[in-house]
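J.: give the three-dimensional model of this entry:
(one chain, ligands or ions: 1)
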Amino acid sequence: METTGVLIACAVMGLLVGSFLTVVVDRVPRGGSVVAPPSACGACGSRLTAPDLVPVFSWLALRGRCRHCGTSIGKEPLVLEITNAVIFVLFGLRFGADPVLVAYCILGAALVALVWIDLREFRLPREISYTAFVLGAIALVIAALLNDEPERIWQAFLGAGIALAIMGAIFLLAKKMGGMGDGDVRLAPLLGLYMGYLNPGIVPIGLFFGFLLGAVVGVVMMGVGKAGRRTALPFGPFLALGTVIAVFIGQQAVDVIWQA
Ligand SMILES: [Zn+2]
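T.: This is a model prediction of the structure:
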């Protein structure tokens, strides 16, 4: 029963944090504050109040429209809330009632926001990467101490260093070929931190998963004529997905490699 409780808590927290992410993806790319001013309708300026801000339910009740002027607010809040809740529940399944679950939910929320912005604007705001790194590092340190596994603190920071070194090297190599965004390099320590906490050995594997996914999708898009050789693909979503996959099966991949 404990597991069911954890998953329900993950779903509820995921929806609430997802609702906050709607503000983050809207304001951070424009340099705005995520705290003030309070959310308002973009069309009529009416301040959103509690009944407008219940994740999913408000959207369904008002069918995605402003209560006052009826202007469509789009599907963005609904998709963000549900996506974030799904990620939280997945991490709930992975970690159960362990203090480290909180830390991984911070990673999940940051990746949802970063992927969303990268798909829309082809960039990864450093404010989100750095804030998530600091909050994530604090949460991971607390979890390591509570679990009496202090060695994981060094593993996490080693992982961050490994990821930064690998992505930095690739960035320099790719420079001549028209390259990779520096936002991807700034994101690397965050990804490495979380993979390293589990095992620094899975950091290269997670990044490799990301590159593999990016290459496959790039080739498929060229195949169906949606992209040319020079079309820019946002790379953040692939790095994020590769990292999440590594959090789930990275250790198994390391074991397979060592046995081969
Ligand atoms: Zn309105």
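J.: what about the stretch 101-250 of the chain, any weak spots by pLDDT?
T.: 177-179, 229-232 (pLDDT under 70).
J.: what does the stretch 1-150 of the chain put close to the ion?
T.: Cys41, Ala43, Cys44, Ser46, Cys66, His68, Cys69, Thr71 (Cβ under 5 Å from the ion). Quick note: C-beta positions are derived from backbone N, CA and C, even for glycine.
J.: secondary structure, neighbour count and pLDDT for those residues - can I get that in TSV?
T.: TSV is the format used below for those (DSSP: H, G, I helix; E, B strand; the rest coil; neighbours: other Cβ atoms under 10 Å; pLDDT from 0 to 100):
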residue	secondary structure	neighbour count	pLDDT
Cys41	coil	18	89
Ala43	coil	14	89
Cys44	coil	12	92
Ser46	coil	14	91
Cys66	coil	19	92
His68	coil	14	91
Cys69	coil	11	93
Thr71	coil	14	93
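J.: in the residues you listed, find the pair that's most separated.
T.: Ser46 and Thr71 (10.0 Å; Cβ to Cβ).
J.: so where do the helices sit in the stretch 51-200 of the chain?
T.: 57-61, 76-95, 100-121, 126-146, 151-174, 182-198 (DSSP state H, counting those that start in this stretch).
J.: out of these, which one sits most buried?
T.: helix 182-198 (a mean of 26; mean count of other Cβ atoms under 10 Å).
J.: so which elements touch that helix?
T.: Contact partners of helix 182-198 among helices and strands, from 3 or more Cβ pairs under 8 Å, 6 or more residues apart in numbering; DSSP states H and E: helix 100-121, helix 126-146, helix 151-174, helix 203-223, helix 236-259.
J.: tell me the angle of the third one relative to helix 203-223?
T.: Computed by axes from the mean of the first three to the mean of the last three Cα atoms, to 10 degrees, the angle separating helix 151-174 from helix 203-223 equals 40 degrees.
J.: so how far is helix 151-174 off the chain centroid?
T.: 18 Å (Cα atoms, centre = their mean, to the nearest Å).
J.: and Tyr130, what does it touch?
T.: Arg186 (Cβ atoms under 8 Å, 6 or more residues apart in numbering).
J.: quick one: it and Arg67, what's the gap?
T.: 36 Å (Cβ to Cβ, to the nearest Å).
J.: can you check Val6 too?
T.: 34 Å.
J.: please apply the same query to Gly225.
T.: 43 Å.
J.: ok, Ala215 next?
T.: 46 Å.
J.: who has more neighbours, those two?
T.: Arg67 (15 against 12; other Cβ atoms under 10 Å).
J.: which residues does that one contact?
T.: Counted by Cβ under 8 Å, 6+ apart, Arg67 has contacts Ser46, Pro51, Asp52.
J.: surely the last one touches Gly64?
T.: No. Taking Cβ atoms under 8 Å as the contact criterion, Asp52 and Gly64 are not neighbours in contact, 11.6 Å apart.
J.: so between the two, which is more surrounded?
T.: Neighbour comparison, Asp52 and Gly64: the larger count goes to Asp52, with 19 against 16 (by other Cβ under 10 Å).
J.: and the closest residue to that one other than its chain neighbours, what's its pLDDT?
T.: For Asp52, ignoring the flanking residues on the chain, the nearest one in space by Cβ to Cβ, 6 or more residues apart in numbering is Ser58 at 5.3 Å. Confidence at Ser58, expressed as pLDDT, is 90.
J.: same question for the one 4 residues further on.
T.: The pLDDT attached to Leu62 in the predicted structure is 90.
J.: ok, now which ones touch Arg126?
T.: Gly183, Arg186.
J.: in contact with Leu7, which residues?
T.: Contacts of Leu7 (Cβ under 8 Å, 6+ apart): Val89, Gly92, Leu93.
J.: ok, those residues vs the ion, which is closest?
T.: Proximity of the contacts of Leu7 to the ion (Cβ to the ion) peaks at Val89, which lies at 32.2 Å.
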